[in-house]
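Undergrad: predicted model follows, preceded by the sequence.
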Amino acid sequence: MATPLYSSKLSGSKFKNWIKAGLGVLYTKQGIEPFVYDEIEQFQQKCLSDICNNNGLVAGTTCSSCCTENVIVCPTNRICNVGRGKCKFHRNSATQYLPAGCPNKICHNFKNDIQNAHRYYGPSYKNTDASQWCGNAWQIAKCFMPPDGYKDVTCALETDFNGIISVIINYKAFQSKIKDDLSKKSSIFEKAREVGRAVRHSPKLEMEDTDLQQYFSDLQNLLSDPANLSADKAAQNAKTKLLQLQNDTLIIGKDDIRNVLDDVAKAVQDKIRTEIDEHRKEAEKKKLELINTTNESVKTIANQGDVSIAQLDNALKSAIDKIEKQTKESLTKVQSEADVAKKQIHECADKEVNKLEVKAEVGVKQIEESTDKGVSNLKVEAETGVKQIEESTDKGVSKLKVEAETGVKQIEESTDKGANKLEVKAEAELKKLSAKADEKIKQIEESTTGNKEDEYNKLKEADSR
């Protein structure tokens, strides 16, 4: 799809501003690298000296046998967690934590000194290689950088601006070298870090004039800190470059432009690898295309090692023109493909319409035939059903008539039998009652005669007295 992202009308001057801001960040980084390295190296030497003195070791004693895992307790927050199985940090027998400490009494003590020196007591141990703490001061510096993206960095030159600034902010001893309060989010170093982020993560590789001037001011304020940097030679050389760049009088090293573009290209490539949204991924690919094309244009224009602002303008214009041409060609190709596709769709649509019409006619005819057959079938089935119902009705009436006559006959017979049974039972009962009555009369008569004899005897005895 077409996008106005890289058209010369919209992006010419803003893209140049973005390049200049990137160069400003690069020069500022170069201006403070020696200052940061010297401070970290002094910290390294002080740690070694104190460890030897406190543990009765010979001065100059070092250790290179302990890996980082050997000095980090398992588990340690944000580094390793064994709660759900085997620890991926302490992954084998050679990378287990050594509870007894470094056999040379160096590395565990070094680790404690680094932790105490961190502003937030959270060194990025994943970045560093403890076996090099005694020999490479920058391995110690990496403990004060963000936890991701710096494991393979071996020196200040390979470290980006954000990493350098992080060392200054997180290593507490730098506060004694800087007048501004490093613990505040509004410090000159925090502002400078935001400039670096604005360059690396610019969505369109563009920058407004007002933003560019503000960024130049922030970077110059950092290089002008009165505690040390205002008198530091490298910092002041960087400040001079910034002023010349701001006034378009600087002769730029071709490698400087390449460094700026390569640094951002790396960030863009990382984004392309991790981006899920296809539209955003496509935008990142366009950015990478512009970066690579600009790099090629700078190489073509600048036969010497340096590039003037005018040559940079030409290189940027050439890159944008090339991108614009490629975009137009892509648009033409896409439009042509769209026209062909549209034509094919119409042709297919017409064919499908014809097929549908034919199928519809056949379908209607089949429906009509099926309907006629269905009506005939229904008529025959209806007549058959009526005939069956009539026959079943006649049979049912006859059957009911027979069953009714049989029932009446059975009732009459049952009634006669019942009457006879009742008559026999009544006669038997009358005989029983008559016999019982005769018995009772006889008993009464006998009882009356006995009573009379008793009364006579009693009267007779009374007279004799």
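TA: Thanks, I have it. Numbering: from 1, shown residues only.

Undergrad: so where does Asn221 fall, helix or strand?
TA: helix 209-223 (DSSP states H and E).

Undergrad: now Ala265
TA: helix 254-274.

Undergrad: now that helix: buried residues?
TA: Residues 254, 256-257, 259-261, 263-265, 267-268, 271-272 are the ones in helix 254-274 that count as buried (16 or more other CB atoms under 10 Å). From N, CA and C alone the C-beta is placed, and that goes for glycine too.

Undergrad: and stretch 56-66, by the same measure?
TA: The neighbour-count check on stretch 56-66 (16+ other CB under 10 Å) flags Leu57, Thr62, Cys63, Cys66 as buried.

Undergrad: chain center to that stretch, what's the gap?
TA: 47 Å (CA atoms, centre = their mean, to the nearest Å).

Undergrad: now do the same end-to-end measure for it.
TA: End-to-end span of stretch 56-66 (CA to CA, to the nearest Å): 20 Å.

Undergrad: identify the residues contacting that stretch?
TA: 48-49, 51-52, 98, 102-108, 130-132, 134-135 (CB atoms under 8 Å, 6 or more residues apart in numbering).

Undergrad: which among these count as buried?
TA: Here, 16+ other CB under 10 Å leaves 48, 51-52, 102, 104-108, 130-132, 134 buried among the contacts of stretch 56-66.

Undergrad: restricted to helices, list these.
TA: Leu48, Ile51, Cys52, Cys107, His108 (DSSP state H).

Undergrad: ok, and the closest non-adjacent residue to the fourth one?
TA: The shortest distance from Cys107 to any residue that is not its chain neighbour, by CB to CB, 6 or more residues apart in numbering, is 4.0 Å, and that residue is Cys66.

Undergrad: how are the helices of this protein distributed by residue range?
TA: 8-54, 68-71, 107-117, 137-141, 161-170, 188-200, 209-223, 233-246, 254-274, 278-301, 309-464.

Undergrad: got the angle for the third one vs helix 8-54?
TA: Just to be clear, that refers to helix 107-117. Orientation check (axes from the mean of the first three to the mean of the last three CA atoms, to 10 degrees): helix 107-117 against helix 8-54 gives 130 degrees.

Undergrad: please tell me how far the residue nearest the centre of the chain sits from Glu289.
TA: With distances taken as CA atoms, centre = their mean, Ile276 lies nearest the centre of the chain, 10.6 Å away. For Ile276, the distance to Glu289 equals 21 Å [CB to CB, to the nearest Å].

Undergrad: can you tell me how far Asp438 sits from Lys432?
TA: Per CB to CB, Asp438 is found 11 Å from Lys432.

Undergrad: ditto for Lys184
TA: The value you get for Lys184 to Lys432, if CB to CB is used, is 129 Å.

Undergrad: next one: Leu98
TA: Where Lys432 is concerned, Leu98 sits at a distance of 122 Å (CB to CB).

Undergrad: can I get the helix holding Ala265 in PDB, CA atoms only?
TA: Extracted C-alpha coordinates of helix 254-274, given in PDB (Å, rounded to 0.1, in the frame of the first residue of the first chain):
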ATOM      1  CA  LYS A 254      31.200   9.400   7.100                       C
ATOM      2  CA  ASP A 255      31.600   6.700   9.800                       C
ATOM      3  CA  ASP A 256      29.700   8.900  12.200                       C
ATOM      4  CA  ILE A 257      26.600   8.900  10.000                       C
ATOM      5  CA  ARG A 258      27.000   5.100   9.500                       C
ATOM      6  CA  ASN A 259      27.200   4.600  13.300                       C
ATOM      7  CA  VAL A 260      24.000   6.600  13.800                       C
ATOM      8  CA  LEU A 261      22.100   4.700  11.100                       C
ATOM      9  CA  ASP A 262      23.500   1.300  12.100                       C
ATOM     10  CA  ASP A 263      22.500   1.900  15.700                       C
ATOM     11  CA  VAL A 264      19.000   2.700  14.800                       C
ATOM     12  CA  ALA A 265      18.900   0.000  12.200                       C
ATOM     13  CA  LYS A 266      19.700  -2.500  14.900                       C
ATOM     14  CA  ALA A 267      16.800  -1.300  17.100                       C
ATOM     15  CA  VAL A 268      14.500  -1.400  14.000                       C
ATOM     16  CA  GLN A 269      15.500  -5.000  13.200                       C
ATOM     17  CA  ASP A 270      14.800  -6.000  16.800                       C
ATOM     18  CA  LYS A 271      11.400  -4.500  16.500                       C
ATOM     19  CA  ILE A 272      10.700  -6.300  13.200                       C
ATOM     20  CA  ARG A 273      11.600  -9.600  14.800                       C
ATOM     21  CA  THR A 274       9.300  -9.100  17.800                       C
END
